[in-house]
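In: based on what follows, work out the 3D shape:
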Amino acid sequence: MSNSKFGRRDFLLGSGVSLGALLALPASAAYAEGGKVAIPLAKLEVLKSVGGSVVLKLKGKLVLLVRDSATSVRAFNPICTHRECVVAYNLGEKKIKCPCHGSRFDLDGRVVQGPASRPLASYAAELTGEQIIVTL
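Out: Predicted coordinates for the structure are as follows:
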């Protein structure tokens, strides 16, 4: 894939993300105030368990959420810093992987295997009761 922008079909086909893993929450499913977005866990079954992950579109931005423990969630910009493919969390390796060129990132967003040389951008995220709050 080139560094240029591409269409939705190319994005979905070339990203390695299945249609089920990329969710666009209806406006009523998340509450936004300023730069914060609150998402009820009831709307994200996949994040109720440790190891669950999902790519969402929040306030016009793609966000990868990873449930990394019973009490926390991590949030990243899922666009690989190498060639702009969409990354996904691999539970077996506990790494974020790029399907296009094999880059891998740890749960702090740091590169652990190239060709990417820059970390993933992260967002502040917290798990509070039955919701996830992400600050974009």
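In: counting neighbours, what do you get for L127?
Out: Using other Cβ atoms under 10 Å, the number of residues around L127 comes to 17. In this view, the C-beta of every residue, glycine as well, is placed from N, C-alpha and C.
In: can you give the strand pairings for the helix or strand where V54 lies, parallel or anti for each?
Out: Using DSSP states H and E, V54 maps to strand 53-58. Partners of strand 53-58 in the sheet, by DSSP bridges, are strand 22-24 (parallel), strand 61-69 (antiparallel).
In: just send those strands back as TSV, with mean pLDDT, distance to G35 and mean neighbour count too.
Out: As requested, the strands paired with strand 53-58 are exported to TSV (pLDDT from 0 to 100; distance: least, Cβ to Cβ, whole Å; neighbours: other Cβ atoms under 10 Å):
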stretch	mean pLDDT	distance to G35	mean neighbour count
strand 22-24	48	19	15
strand 61-69	95	11	20
